[in-house]
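Engineer: take a look and give me a structure for this.
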Amino acid sequence: MPPKKTKGNFIFKTPKGAKYEILFRKPDKRHFDDADGICTPPKSPHPKIHINPKLTDQSSSNTAIHEIAHAFFWNKTETEVLKFANTCSRFLYNYCGWRKNENECAEQAKSKRQSKKNK
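Structural biologist: Here you go, the predicted structure:
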């Protein structure tokens, strides 16, 4: 049987050309307290979004939407981004019933950690 393919990190571009990479890795507590997700500035050399891989399905979805919204709408207030993300995640999770695929995101984070240990 061939080895299971693992997906690479998700990469996207904003309309202004910032190329973001999404990492399922807990944000560094030394800089971000207990944040479940962070979005680095679009003008940084390698913009990234970090999402805690140990979140529930609903929290993971909400955090992903929230941080992606920051990437696209960097100048919006935290209140505006929070309202947008909460509305989207409630619609997708509660109304549409969307869920993660067999904890796929957590598996990605786990395989990345294991490959670093083997180096």
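
Engineer: this protein: strands as residue ranges?
Structural biologist: 10-13, 19-23, 37-39, 48-51 (DSSP state E).

Engineer: could you export those strands as CSV, including mean pLDDT?
Structural biologist: Listed next are these as CSV, based on pLDDT from 0 to 100:
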stretch, mean pLDDT
strand 10-13, 96
strand 19-23, 96
strand 37-39, 95
strand 48-51, 95
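
Engineer: confidence-wise, which helix or strand of this protein is lowest on average?
Structural biologist: Counting by mean pLDDT, DSSP states H and E, the weakest-scoring helix or strand in the chain turns out to be helix 104-117, with a mean of 57.

Engineer: so what's Ser60 up against?
Structural biologist: Ser60 makes contact with Ile51, Asn52, Pro53, Lys100, Cys105, according to CB atoms under 8 Å, 6 or more residues apart in numbering. For the C-beta atoms, the positions are set from N, CA and C on the backbone; glycine is no exception.
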